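Sequence first, predicted model second:
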Amino acid sequence: QVQLVESGGGLVQPGGSLRLSCAVSGLSVDFNNIGWFRQAPGKEREAVGCISSITGQAQYEGFVKGRFTISRDKANNMVYLEINSLKPEDTAVYYCAADLRSTYVCGMRLVEYDFWGQGTQVTVSS
């Protein structure tokens, strides 16, 4: 049974940082691309970035502008999303998702992902 469980969200002041975790079971981050997405209130879910299972290289959407970093811990089958210089517009539910494919360049379209976590809430407010 495939499960992805996000954690690490919370209430943060603008300018702060968070590290979100995605615990993966039932498949391996060594063999499956993992993506991070977010959904703000009243908006569609959007991609933040992803990490390739083959290269370990991450790709990011343009709005990230160096504030987000995706990494993985293969030994513990975890993927992380570190967010710095948080802004109120980063407020959203953040999701990780697994793509059953293993590719050199991970994709950032929602339809490419087969399994999803339940999400973790990030609220940026003073």
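Received it, and whenever you're ready, just let me know what you need.

my read: I34 touches C50, true?
Yes: between I34 and C50 there is a contact under Cβ atoms under 8 Å: 6.5 Å. For the C-beta atoms, the positions are set from N, CA and C on the backbone; glycine is no exception.

Now G16. Nearest residue, chain neighbours left out?
Take G16 and drop its neighbours on the chain: the residue closest to it by Cβ to Cβ, 6 or more residues apart in numbering is L86, 5.1 Å away.

and that neighbour, how many neighbours?
Residues lying near L86 (other Cβ atoms under 10 Å) number 20.

follow-up on the earlier one: between I34 and C50, what contacts are shared?
I70, D99, C106 (Cβ atoms under 8 Å, 6 or more residues apart in numbering).

now the residue nearest the centre of the chain: how far from Y104?
The centroid of the chain falls nearest to W36 when counting by Cα atoms, centre = their mean (2.4 Å). Per Cβ to Cβ, to the nearest Å, W36 is found 19 Å from Y104.

what's the answer for N32, then?
The gap separating N32 from Y104 is 14 Å, by Cβ to Cβ.

again with C50
For C50 relative to Y104 (Cβ to Cβ), the value is 12 Å.

The two: which has the busier surroundings?
C50 (29 against 10).

Test my guess that the more buried one contacts V29.
No: counting by Cβ under 8 Å, C50 stays clear of V29, with 11.4 Å between them.

Just the strands from this structure, written as ranges.
3-7, 10-12, 18-25, 33-39, 46-51, 58-60, 68-73, 78-83, 92-99, 115-116, 120-124 (DSSP state E).
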